[in-house]
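Just the structure for this:
(one chain, ligands or ions: 2)
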Amino acid sequence: MKPFQYVTAPTAKRALELCGKKDKFLAGGTDLLGEIKDHVSAPGRVVNIKHLPGTRDIVETETGWKLGANVTIAEIAGHSGLQKNLPGLAEAAARVGSPQIRNMGTLAGNLAQHSRCWYYRHQDVQCLKNGGYRCYAREAENKYHSLFSGNPCISPVVSNMAVIFATLNATVNILRGSQDLNMTMGEFYLNAWFNPYAHNSLQPSDLILHIDIPVKAQPCVYLQVSEKSDFDWALVSCAAAGSVNGNTISNARIALGAISPLVHEVEEANDFLEGKELDRRVANMVADMILSEAVPLEHNGYKEPMVRALVHRALSALSGKNFEEDGS
Ligand SMILES: Cc1cc2nc3c(=O)[nH]c(=O)nc-3n(C[C@H](O)[C@H](O)[C@H](O)COP(=O)(O)OP(=O)(O)OC[C@H]3O[C@@H](n4cnc5c(N)ncnc54)[C@H](O)[C@@H]3O)c2cc1C
Ligand code: SF4
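Ligands and ions are numbered 1, 2, ... in the order given. Next up, the predicted model:
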């Protein structure tokens, strides 16, 4: 590990002053310290931002929820107001990693976590994302990689929280110099779609302050399939939200994770769902739209049937009926 300077920032403004282009913000450290130990990242200075005022609060506002950047994943999972009003959000948090990761890992760190691609994380490999010339995964071990990408890198977004946030129209509040920005989940990962070097749209020393959810309560679900029940990322994740009246859905959003450098959403599928009676036929059509431009590689084609199964299960859970059992 390369030596680095360690400082604690007392305010957001000071954190920005302390964090130069080659420095890094440190929250829970579950992602960043792994990168430093594996020689993937070598910041000159690590700026501890865990104690920034107001970043540890979960606040119910007049119109929704404001979640501080340093709220831990465990605090989201265990919050009774969120469990009751936004059940898919609490579930997405409960499915992150392990109790240790959830206790240390923060919301901002979860959204800003870097690629889990094994080539990127290997200290002896310099792939395209890490300043090299090739994407090794494309022609070799691509089991965990994307079905969609806008650039040669096929490393997907693996944040559980990003997937549920997309369906809730949540925005990320960011301090960039003197600018106060709000990004949707689409905007937050857009750079990673176009640019193989980017993990997200944050620029060096952009500081996430909080996440805003513009609804107080919303039926929503989060589901995932992983290889292991604990300590593992999703092979595919799926979140859905919408108002269900009887069996008819309105304002539907369905989003998938671990299959694209973006949280994967297909506007046509969301529009198609409007006013529909949820059943197996509708779920099949939604899955077809979601997968219509998928480009499976040698080892990740298994993700397509997983996407279909998760879309079925998510819409089935939202509607409160089991499509498979009642034959609808
Ligand atoms: C074994 C293991 C299993 C995991 N499983 C899952 C899983 O199933 N699902 C899932 O979603 N995640 C999973 N994770 C990822 C985990 O959720 C993240 O590592 C964690 O949330 C990161 O938060 P942190 O506070 O530790 O971030 P840190 O490691 O401190 O930071 C991570 C990155 O975010 C940046 N950062 C942190 N805070 C801010 C801020 N306020 N503004 C700007 N940049 C910031 C840092 O500079 C760094 O680049 C897993 C991690 C591990 C190690
Ligand atoms: S998928 Fe991206 S991170 Fe992985 S080897 Fe290819 S360029 Fe590197």
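
can we go C-alpha only for contacts and neighbour counts from here?
Fine.

Could I get the buried residue list for stretch 90-109?
90-97, 101-102, 104-109 (16 or more other Cα atoms under 10 Å).

which parts of the stretch 51-200 of the chain sit against ligand 2?
117, 119-120, 127-129, 135-137, 153-155 (Cα under 6 Å from any ligand atom).

In helices only, show me these.
Here DSSP state H is the test, and these give 136-137 as lying in helices.

can you redo the residues of the stretch 51-200 of the chain next to ligand 2 as CSV with pLDDT, distance to ligand 1 and neighbour count?
Converted to CSV, those look like this (pLDDT from 0 to 100; distance: Cα to the nearest ligand atom, whole Å; neighbours: other Cα atoms under 10 Å):
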residue, pLDDT, distance to ligand 1, neighbour count
Cys117, 98, 13, 21
Tyr119, 97, 16, 20
Tyr120, 97, 14, 24
Cys127, 97, 18, 20
Leu128, 97, 18, 17
Lys129, 97, 14, 22
Cys135, 98, 21, 20
Tyr136, 98, 23, 20
Ala137, 98, 20, 22
Cys153, 98, 19, 27
Ile154, 98, 18, 28
Ser155, 98, 14, 33
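
Excluding chain neighbours, what is closest to Leu291?
Glu304 (7.3 Å; Cα to Cα, 6 or more residues apart in numbering).

mean confidence score for the helix or strand hosting the one you found?
Using DSSP states H and E, Glu304 sits within helix 303-319. The pLDDT scores in helix 303-319 average 97.

so what does it touch, helix or strand wise?
Packed against helix 303-319 by the contact rule (3 or more Cα pairs under 8 Å, 6 or more residues apart in numbering; DSSP states H and E) you find strand 220-225, strand 236-245, strand 248-257, helix 280-291.

now the last one, how far from the chain's geometric center?
How far helix 280-291 lies from its chain's middle: 23 Å, per Cα atoms, centre = their mean, to the nearest Å.

Show me what counts as buried in it.
Neighbour-count burial for helix 280-291 flags 280, 282-283, 286-287, 289-291 (criterion: 16+ other Cα under 10 Å).
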